[in-house]
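A.B. asks: coords please:
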Amino acid sequence: MIASERVVAVIPARGGSKSVPLKNLHPLGGRPLLEWSIAVAKATPEIDRVIVSTDHDRIAETAIAAGAEVSRRPGHLSGDTALTADMLRHLVATLRAEGEDARYLTLLEPTAPFRLPKDVSACLRLLHDQALDSVATFMEADLNPHRAWTIGDGVAASVGSGCLDST
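C.D. replies: Numbers count the residues shown, from 1 in each chain. This next block holds a predicted model:
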């Protein structure tokens, strides 16, 4: 809680990733990627409730075993084109209908496993103390994105300029 206001952590973890199937269950440092976000949420003193939003049975089982609640995500919010914002709207409506009166929601994506509880706490305090609508964290890039390159059809292209380099 923050000043007697409830906080719910939401961890989105759908099962249908095309590039890395069930990526949220892949091990990192001896435990599934999903468990890192659950552990941070449970270790953040301000968080009152931890909910994993998923469409997959194995992800749900892993979440429950790690101490989180599970909210089953409907199919139309689980596909490749589904937006996180739409999932959050659906979940908030469901929670409100169940009587949850949390003022704050924090989104902890499993693909950011190295965040710390103190960072989540700092964001929540900032959100509350400054009466903000939202807070996001960023990290300075080691490589300027304008210096990055991609390879498509065997041809290197500069991401920043959008044109090919002939050297």
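
A.B. asks: Show me where this structure has its helices.
C.D. replies: For the chain, helices defined by DSSP state H occupy the ranges 33-43, 57-65, 84-97, 117-129.

A.B. asks: Tell me which of those helices sits most buried.
C.D. replies: Sort the helices of the chain by mean neighbour count, taking mean count of other CB atoms under 10 Å, and helix 33-43 sits at the top with a mean of 22. C-beta coordinates here come from the backbone N, C-alpha and C atoms, glycine included.

A.B. asks: outside of that one, which residues touch it?
C.D. replies: By CB atoms under 8 Å, 6 or more residues apart in numbering, the residues outside helix 33-43 that reach it are 9, 11, 13, 23-29, 47, 50, 52, 59, 62-63, 66-68, 106, 108-117, 120.

A.B. asks: Let me see the mean pLDDT of it.
C.D. replies: Taken as a whole, helix 33-43 has an average pLDDT of 97.

A.B. asks: and the residue nearest the centre of the chain, what does it touch?
C.D. replies: What sits nearest the mean C-alpha location of the chain, by CA atoms, centre = their mean, is Glu109, with 1.6 Å. When contacts are counted by CB under 8 Å, 6+ apart, Glu109 touches 11-12, 37.

A.B. asks: which among these gets closest to Ala97?
C.D. replies: The shortest approach to Ala97 among those belongs to Pro12, at 19.7 Å (CB to CB).
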